[in-house]
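> Below is the structure, and that's it, no one-letter string:
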């Protein structure tokens, strides 16, 4: 849910880990409101509940472990 996503985002922020909600799908952008859309609700669900976590080749093993630990702490409390 949106509330759980926001709680996780704030938990990560409190642990100095940047995250952000998933980008708005193209078919929901105002520019494309009158365009045909051939899809289902997967993108909508990801937009409502998804969170982008740190990623990339520059993350160290220490960074990955710190992110993993923060995620485990959050989900173990649920």
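Sure, I can see it. Model, not experiment: these values are computed from the prediction.

> count of neighbours near residue 21?
When counting by other C-beta atoms under 10 Å, one arrives at 16 neighbours for residue 21. Placement of C-beta: from N, CA and C, glycine included.

> Likewise for the one 3 residues further on?
When neighbours are counted by other C-beta under 10 Å, residue 24 registers 12.

> likewise residue 62?
With neighbours defined by other C-beta under 10 Å, the count for residue 62 comes to 8.

> likewise residue 70?
Residues lying near residue 70 (other C-beta under 10 Å) number 19.

> and the residue lying closest to it once chain neighbours are set aside, how far is that from residue 7?
Once flanking residues are discounted, residue 70 sits nearest to residue 15: 4.5 Å by C-beta to C-beta, 6 or more residues apart in numbering. The gap separating residue 15 from residue 7 is 13 Å, by C-beta to C-beta, to the nearest Å.

> before we move on, what about residue 25?
Between residue 25 and residue 7 the computed distance is 23 Å (C-beta to C-beta).

> Over to residue 40?
Per C-beta to C-beta, residue 40 is found 27 Å from residue 7.
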